[in-house]
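Chemist: Dropping a prediction and its sequence here:
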Amino acid sequence: MPEQKKKILIFSLAYYPHVGGAEVAIKEITDRLPNIEFHMVTMRWSQDEPMEEIVGRVHVYRVGSGASYLSKVLFIPRAVLRARTLSVQHFDGMWAMMSYMTFPIALLRILFGVHVPYILTLQEGDPFEHVFERWYIKFFAPLLSYGFMRARSITAISNFLGTWAKHAGYQGPVHIIPNGVDLAHFSVSRVEHEGIVLVTASRLVHKNAVDDVIRALALLPETVRFKVAGTGPDEVMLKELAQTAGVASRVEFVGHIDHRELPQFLERADIFIRPSRSEGMGNAFIEAMAAGLPIIGTHVGGIPDFLKDGETGYVAEVDNPKNIAAAVTRALLHADERAAIAARAKALAAQYDWDIVARRMNEEAFAALS
């Protein structure tokens with residue numbers, strides 16, 4: 001008689017078609033684990049999105065009907081009620097994707113006595129202070145600590161995020177399992193083009209420091225251009241900055257690019273750059289490395305796990321456009337060094353294959369739900 005599949009309920013604030021590092025991680029991992037039946041409660045960001053559908057190997061249930069701040073707050077009680085209708089107590093385990101998703105799990109335990117074992121994955125890109133120390137979050141600190149302390153297992157995508165578990169009161173071992181990359185999909189050939197093209201692919205938000213690249217561009221030769229893939233609340237400000245800095249003709253905002261089309265964007269570039277102000281890991285760096293691009297980043301958050309200056313990329317200083325321009329200049333002036341760095345980075349990216357990541361999640365995290 002075939003062994004019955006393990007059944008896991010995921011809590012995630014967002015899921016496809018809203019795609020960031022966490023959403024990609026969930027899909028890549030769940031697609032590779034046919035031995036587990038996955039369900040998910042997530043937010044319904046617009047009324048155009050179906051309340052229930054199957055995405056890949058995940059049965060998705062959406063709650064809410066908008067993207068307002070109030071809707072995000074109400075997601076927690078709505079997620080609790082939706083999980084109750086799914087008879088959550090009959091699941092073998094639950095999976096909280098990022099810290100705040102322990103809230104519905106904690107409330108299920110406290111209010112309804114649902115003591116299904118669960119794991120937590122730390123995927124945050126914001127700094128610790130933003131996640132744990134904002135004044136209104138402190139009101140919920142006991143609930144957050146409760147969620148951390150009772151997790152059966154905690155995984156983190158970087159050593160930096162791994163330290164958060166201890167700060168929140170978790171006493172067990174933390175498994176450092178980074179996000180991965182589809183090596184075959186991101187292995188592309190360079191496409192010839194004029195001049196030097198810097199690229200970034202990210203949300204247009206303060207932490208990703210696209211503004212510092214625009215300021216640095218004004219210090220670089222006219223032959224250097226900058227292509228920006230992504231959207232976000234800073235888009236208008238960044239376009240105005242490009243005008244003010246006198247580089248608008250050299251900055252191209254290409255908007256949202258579907259993750260599946262990202263390799264074609266990278267193959268028309270020379271250097272990937274993101275001088276982050278904070279970063280949980282920075283999966284876009286790994287994808288660029290797999291595509292054979294040299295990378296420029298800062299040593300914040302989880303980036304030092306893979307970025308070694310002069311070995312796998314170039315390190316720039318945070319909030320320092322002049323230093324960022326110097327890093328770009330160094331890469332441009334030493335073509336042989338740049339090629340060697342890109343080759344080493346591509347070899348390192350092979351260690352981040354999603355097959356390896358999914359196997360580790362199965363053996364080190366989901367196994368704890370038995």
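Modeler: Now that the structure is in, tell me what you want to look at.

Chemist: Only alpha carbons, please: show stretch 172-179 as CSV.
Modeler: Provided in CSV are the C-alpha atoms of stretch 172-179 (Å, rounded to 0.1, in the frame of the first residue of the first chain):
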residue,chain,number,x,y,z
GLY,A,172,16.9,25.1,18.8
PRO,A,173,19.3,24.8,15.9
VAL,A,174,18.8,27.0,12.9
HIS,A,175,19.3,25.5,9.5
ILE,A,176,20.9,27.9,7.0
ILE,A,177,19.3,26.9,3.7
PRO,A,178,19.7,29.7,1.1
ASN,A,179,17.4,30.4,-1.8
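
Chemist: from the chain's centre, how far out does that stretch sit?
Modeler: How far stretch 172-179 lies from its chain's middle: 15 Å, per CA atoms, centre = their mean, to the nearest Å.

Chemist: Pull out the buried residues from it.
Modeler: Val174, His175, Ile176, Ile177, Pro178, Asn179 (16 or more other CB atoms under 10 Å). For every residue, glycine as well, the C-beta is placed using N, CA and C.

Chemist: Check stretch 266-280 too.
Modeler: Using 16+ other CB under 10 Å as the test for burial, stretch 266-280 gives 266-267, 269-280.

Chemist: Need the contact partners of stretch 254-268.
Modeler: With contact meaning CB atoms under 8 Å, 6 or more residues apart in numbering, stretch 254-268 is reached by 19, 24, 185-186, 188-191, 193, 197, 199, 201, 227-231, 272, 287-288, 291, 293.

Chemist: How about it, which residues are buried there?
Modeler: So, applying 16+ other CB under 10 Å, buried residues of stretch 254-268: His259, Leu262, Pro263, Phe265, Leu266, Glu267.

Chemist: avg pLDDT for whichever strand or helix holds the second one?
Modeler: Read that as Leu262. Element membership of Leu262, judged by DSSP states H and E, is helix 262-266. The average pLDDT within helix 262-266 is 94.

Chemist: quick one, strands of the protein?
Modeler: For the chain, the strands defined by DSSP state E cover 6-11, 36-43, 52-55, 58-63, 93-97, 118-122, 153-156, 174-176, 196-201, 224-229, 251-255, 271-274, 295-298, 314-316.

Chemist: Burial check on Asp319, number of neighbours?
Modeler: Here the number of neighbours of Asp319 (other CB atoms under 10 Å) works out to 14.

Chemist: cool, the one 5 residues further on as well?
Modeler: Counted with other CB under 10 Å, the burial measure for Ile324 works out to 27 neighbours.

Chemist: One more: His193?
Modeler: His193 is flanked by 12 other residues according to other CB under 10 Å.

Chemist: cool, Ala209 as well?
Modeler: For Ala209, the neighbour count with other CB under 10 Å is 29.

Chemist: ok, now which ones touch it?
Modeler: Applying CB under 8 Å, 6+ apart, the residues near Ala209 are Arg274, Pro275, Ser276, Arg277, Thr298, Val318, Asp319.

Chemist: now the longest helix anywhere in the chain: mean pLDDT?
Modeler: Once the chain is assigned using DSSP state H, the helix that runs over the most residues is helix 69-85. For helix 69-85, mean pLDDT is 93.

Chemist: ok so, going back, can you redo the buried residues of stretch 266-280 as CSV with distance to Arg62?
Modeler: Listed next are the buried residues of stretch 266-280 as CSV, based on distance: CB to CB, whole Å:
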residue, distance to Arg62
Leu266, 31
Glu267, 35
Ala269, 35
Asp270, 40
Ile271, 39
Phe272, 33
Ile273, 35
Arg274, 31
Pro275, 35
Ser276, 30
Arg277, 32
Ser278, 29
Glu279, 28
Gly280, 25
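
Chemist: Identify, from those, the entry nearest to Ala345.
Modeler: For the buried residues of stretch 266-280, the residue nearest Ala345 by CB to CB is Phe272; the value is 9.7 Å.

Chemist: burial count for the residue nearest to Asn320 when sequence neighbours are not counted?
Modeler: Once flanking residues are discounted, Asn320 sits nearest to Asp212: 7.4 Å by CB to CB, 6 or more residues apart in numbering. Asp212 is flanked by 25 other residues according to other CB under 10 Å.

Chemist: Same check on Val58?
Modeler: Neighbours of Val58 using other CB under 10 Å come to 22.

Chemist: try Met51
Modeler: Neighbours of Met51 using other CB under 10 Å come to 13.

Chemist: ok, for it, nearest residue in space, not its chain neighbours?
Modeler: Nearest non-adjacent residue to Met51, counting by CB to CB, 6+ apart: Arg62, 5.2 Å away.

Chemist: and if you look at Val114?
Modeler: Nearest non-adjacent residue to Val114, counting by CB to CB, 6+ apart: Leu108, 4.1 Å away.

Chemist: wait, doesn't that neighbour sit right on Val80?
Modeler: Yes. With contact defined as CB atoms under 8 Å, Leu108 and Val80 form a contacting pair (5.8 Å).

Chemist: still on that earlier bit, the residue nearest to Asn320 and Leu33, how far apart?
Modeler: Using CB to CB, to the nearest Å, Asp212 is found at 39 Å from Leu33.
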